[in-house]
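Peer 1: Make a model of this:
(chains A, B, C and D)
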There are 2 protein chains.
Amino acid sequence: MSRSGYTIYDIAAEAGVSIATVSRVLKGDSSVSEKTRLKVQEVISRRNYRPSSIARGMTSKTTHTLGIVLPKLLNPNYAMIFTGASDGAWAAGYSVSLFPWRSITDQEGNPALLLAERRLDGVIVCVEYLPPHQQELLGRSLGELRQYMPVVLIGCVPADLDYPAISYNMAEITQGIVEELIRLGHERIALIGGMEEDRDELRRDIGYRQGLEAAHLPFVDSYRVWCGGTAEDGEAAMDRLLSSLLPSHWPTAVIALNDMVAMGCMAAARRRGLQVPEDLSVVGCGNLFCAPYLVPPLTSIDTHQQQLGRRAVELLLSGEKRREDARWEWVRRDSCGPAPLPKEKT
Amino acid sequence: MSRSGYTIYDIAAEAGVSIATVSRVLKGDSSVSEKTRLKVQEVISRRNYRPSSIARGMTSKTTHTLGIVLPKLLNPNYAMIFTGASDGAWAAGYSVSLFPWRSITDQEGNPALLLAERRLDGVIVCVEYLPPHQQELLGRSLGELRQYMPVVLIGCVPADLDYPAISYNMAEITQGIVEELIRLGHERIALIGGMEEDRDELRRDIGYRQGLEAAHLPFVDSYRVWCGGTAEDGEAAMDRLLSSLLPSHWPTAVIALNDMVAMGCMAAARRRGLQVPEDLSVVGCGNLFCAPYLVPPLTSIDTHQQQLGRRAVELLLSGEKRREDARWEWVRRDSCGPAPLPKEKT
DNA sequence: AAGCGTTCTGAAAGCGCTTACAATACGGCT
DNA sequence: AGCCGTATTGTAAGCGCTTTCAGAACGCTT
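Peer 2: Residues are numbered from 1 along each chain as shown, chains lettered A, B, ... in the order given. The predicted structure is shown next:
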């Protein structure tokens, strides 16, 4: 209990040397004689002394702590990024602090206040879609933050933002999915979710339209449904979609914003009597741990979130100022199959 | 980019006052005249100055950072605890750093090294079952850690460990589940997962046996299966269980360590042609976000993990040295139903 | 024994902020 | 004008460590 209060002075005194010498053995300086080193180390380990990294930070201007800002840790996608970041950081002797999303977008007073005061050695910011007025706020916060520490962005990052960043190229991914679905014979393909991102090169829409266009399929407005990122959102969106159409026009395939939304879609479809994948193919994104255990097991796009977190830390620590796209990869399971044969029932 | 290098000296010089005065307006000391305060604040906000919390920590001996140590952030249960902790911490002006499990159990050299050096204002440690030799190591690490900062434990914490703690009373919970299942007519109830915890008062086994005993049901050894905490583990364990028994002796209900294990169990059961809940009732624990979207929706025990994380922070910051049990609550969905009528087919 | 090049050590000056404690300023009173 | 109490502000001493620079020790050489 008694808060251990040893300082370098205590150790120095007990070992009969100066604090400079203790400091030297602490950092493994070779200019300390073997004899002295042993003596000092003995005291250190007997007293269980640990130098204060706060004091060290005073001179080194370093905290060995990184920050991560993300919208919602309960979203397993972010938990994966965090995990990867933490692993990478730990391997390099750093730890990672979580900062809630509002720490960087709160209106009240000074935006990045706490974050900037913390003098972290770097911050990873996971960017989600924001309404325009918040975007501007975020921009300012990031700018201010960057005066104090390196910042790396993850997510749907506009290309003209000159931060080091790893982005999901949702346009490319979505186009890839559309093409695959078309290859499977689907012609009525719905796109569910994905707030409107702000830059063309990243918008799911672009990929979606391009994919359709390439196959000379029409873009049907009612097959494009917006929603948030939770399973509930997905369920509601799917409900809306199906309600708004005659069953004969129901899509035969759905591309979901992420796996949670996909879960919701499948639930809504099931409630309407649709069989997945016989009547409806569903593709998710993110490849969550539960994807293989859904019924049917969910086909998803793996975006290698953990790897992505690690990579963000690398960028942060190396100071490389580059932008990269996240890798992505199909994980084919059973929720996605050939289009049903047209039955012309209605 | 140019790392903002303002110090309190710069601000003081520019405002034409002493650093003491700047420090005073920084902390809102009322002994500064209105005129001076405005002048100083003007400079501060014009220069966008943020006092370094490192330097502040020097004198205050405070980092406004808490730590959390947990086995695996990818386990949503831990993500929930972390989220709760982070919310609570943030509300009190703190942030929370993640430390990997091995930061406290690694053999190599000094155990709690980094953690202790960090001089956090407190640490939450989520304890899982550990093999005996690691338990001892953990004990030592915690002891050392506690010399430097308050520690709160979460999980299956032995009652004789005199740390402030919030524990799951798995015995009570498991007994509650058994009783409910018996009430539904089940007589062959399996218990899957849960490494052997080390203290009687916490062991699932105890609750399991007591529940059976109270209803004069026999304890059948082969209905007790051990496994780790992932869906894969659960699937494998369920497979082992079913393989080892004649179908006529298959359990009609399964209690799973957690929801992920429950997911695995359901998958394994389904593969054997068992219908949930008609042939087999499944109860999980943790009430994950995906529980409602499994097929059938999973009945689970909600242990209020987020609330628990918040509470842990409260204990940490208040210094209260007490032990509490986590609240728990049934979340009844469809994976759990009346026992099938005995068909005596084999 | 004196001289010299190495090795080791120690003294002291920060790092950026907080906080007694001392000093100054100001307003009002006699 | 001379005093005093209060409201402000400044000075300086840390906080626990790192690091530069200088001094002490030691081992050889001649």
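
Peer 1: what about the residue in chain A sticking out farthest from the centre, distance to chain B?
Peer 2: Residue farthest from the centre of chain A, counting by C-alpha atoms, centre = their mean, is residue A:16 at 51.5 Å. Remark: distance between residue A:16 and chain B (C-beta to the nearest C-beta, to the nearest Å) = 23 Å. C-betas here are computed from N, CA, C, even on glycine.

Peer 1: May I ask which helix or strand encompasses the nearest residue to that residue once chain neighbours are set aside?
Peer 2: In this structure, residue A:16 finds its nearest non-sequential neighbour in residue A:39, 7.6 Å apart by C-beta to C-beta, 6 or more residues apart in numbering or on different chains. For residue A:39, the host element (DSSP states H and E) is helix A:34-47.

Peer 1: hmm, that helix in reach of DNA strand D?
Peer 2: No: judged by C-beta under 7 Å from any atom of the strand, helix A:34-47 and DNA strand D are separated, with a smallest distance of 10.3 Å.

Peer 1: Now that helix: buried residues?
Peer 2: Neighbour-count burial for helix A:34-47, counted by 16 or more other C-beta atoms under 10 Å in any protein chain shown, picks out A:36, A:37, A:39, A:40, A:41, A:43, A:44.

Peer 1: helices or strands up against that helix?
Peer 2: Applying 3 or more C-beta pairs under 8 Å, 6 or more residues apart in numbering or on different chains; DSSP states H and E, one finds that helix A:34-47 contacts helix A:8-15, helix A:19-26.

Peer 1: roughly how far is that helix from the heart of the chain?
Peer 2: 45 Å (C-alpha atoms, centre = their mean, to the nearest Å).

Peer 1: Give me the angle between it and helix A:8-15.
Peer 2: 120 degrees (axes from the mean of the first three to the mean of the last three C-alpha atoms, to 10 degrees).

Peer 1: Give the next helix or strand downstream of helix A:34-47.
Peer 2: Assigned by DSSP H and E, the successor of helix A:34-47 is helix A:53-60.

Peer 1: Which strands and helices lie in contact with the helix or strand following that following helix?
Peer 2: Downstream of helix A:53-60, the next assigned helix or strand under DSSP H and E is strand A:65-70. Under the contact criterion of 3+ C-beta pairs under 8 Å, 6+ apart, strand A:65-70 touches helix A:76-91, strand A:95-100, strand A:123-127.

Peer 1: Export the ones you listed as TSV, with columns for mean pLDDT and distance to residue B:188.
Peer 2: TSV is the format used below for the helices and strands packed on strand A:65-70 (pLDDT from 0 to 100; distance: least, C-beta to C-beta, whole Å):
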stretch	mean pLDDT	distance to residue B:188
helix A:76-91	96	34
strand A:95-100	96	44
strand A:123-127	94	47
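
Peer 1: Make CSV from those and add distance to residue B:8 to it.
Peer 2: Shown next, in CSV, are those (distance: least, C-beta to C-beta, whole Å):
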stretch, distance to residue B:8
helix A:76-91, 30
strand A:95-100, 24
strand A:123-127, 23
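
Peer 1: Would you mind finding the most buried of these?
Peer 2: Of all the helices and strands packed on strand A:65-70, strand A:123-127 has the most neighbours on average by mean count of other C-beta atoms under 10 Å in any protein chain shown, namely a mean of 26.

Peer 1: Just checking the helix or strand that that strand is followed by against DNA strand C, any contact.
Peer 2: Using DSSP H and E, the helix or strand that follows strand A:123-127 towards the C-terminus is helix A:132-148. No: applying C-beta under 7 Å from any atom of the strand, one finds helix A:132-148 separated from DNA strand C by no less than 11.3 Å.

Peer 1: quick one on the thing from earlier: with distance to DNA strand D as extra columns, can I get the helices and strands packed on helix A:34-47 in TSV?
Peer 2: Formatted as TSV, the helices and strands packed on helix A:34-47 follow (distance: least, C-beta to the nearest atom of the strand, whole Å):
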stretch	distance to DNA strand D
helix A:8-15	3
helix A:19-26	3
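
Peer 1: so which of the buried residues of helix A:34-47 also contact DNA strand C?
Peer 2: residue A:36.

Peer 1: quick one: which of the buried residues of helix A:34-47 is nearest to DNA strand C?
Peer 2: residue A:36 (3.1 Å; C-beta to the nearest atom of the strand).

Peer 1: which residues touch that closest one?
Peer 2: A:17, A:21, A:25 (C-beta atoms under 8 Å, 6 or more residues apart in numbering or on different chains).

Peer 1: Report pLDDT for whichever residue of the stretch 51-200 of chain A sits closest to DNA strand C.
Peer 2: Closest contact between the stretch 51-200 of chain A and DNA strand C, by C-beta to the nearest atom of the strand, is at residue A:58 (3.2 Å). Per-residue pLDDT puts residue A:58 at 94.

Peer 1: how many neighbours does it have?
Peer 2: Residue A:58 is flanked by 15 other residues according to other C-beta atoms under 10 Å in any protein chain shown.

Peer 1: Who are the contact partners of it?
Peer 2: B:54, B:55, B:58.

Peer 1: again with residue A:17
Peer 2: A:36, A:39, A:40 are the contacts of residue A:17 under C-beta under 8 Å, 6+ apart.

Peer 1: try 7 Å
Peer 2: With contacts defined as C-beta atoms under 7 Å, 6 or more residues apart in numbering or on different chains, residue A:17 is in contact with A:36, A:40.

Peer 1: mind listing the helices for the stretch 201-346 of chain A?
Peer 2: For the stretch 201-346 of chain A, helices defined by DSSP state H, counting those that start in this stretch occupy the ranges A:204-214, A:231-243, A:259-271, A:305-318.

Peer 1: of all those, which lies closest to residue B:142?
Peer 2: helix A:305-318 (27.7 Å; C-beta to C-beta).

Peer 1: Could you double-check that residue A:37 sits in contact with residue A:26?
Peer 2: No: Residue A:37 is beyond contact range of residue A:26, at 10.4 Å (criterion: C-beta atoms under 7 Å).

Peer 1: List the residues that contact the residue of the stretch 201-346 of chain A found nearest DNA strand C.
Peer 2: Going by C-beta to the nearest atom of the strand, DNA strand C is nearest to residue A:319 of the stretch 201-346 of chain A, at 20.0 Å. Contacts of residue A:319 were listed using C-beta under 7 Å, 6+ apart, and they are residue A:150.

Peer 1: Could I get the pLDDT score of it?
Peer 2: 92.

Peer 1: For the stretch 151-300 of chain A, which residues are neighbours of chain B?
Peer 2: Counting by C-beta under 7 Å from any C-beta of the partner chain, the residues of the stretch 151-300 of chain A close to chain B are A:231, A:263, A:267, A:289, A:290, A:293, A:294, A:295.
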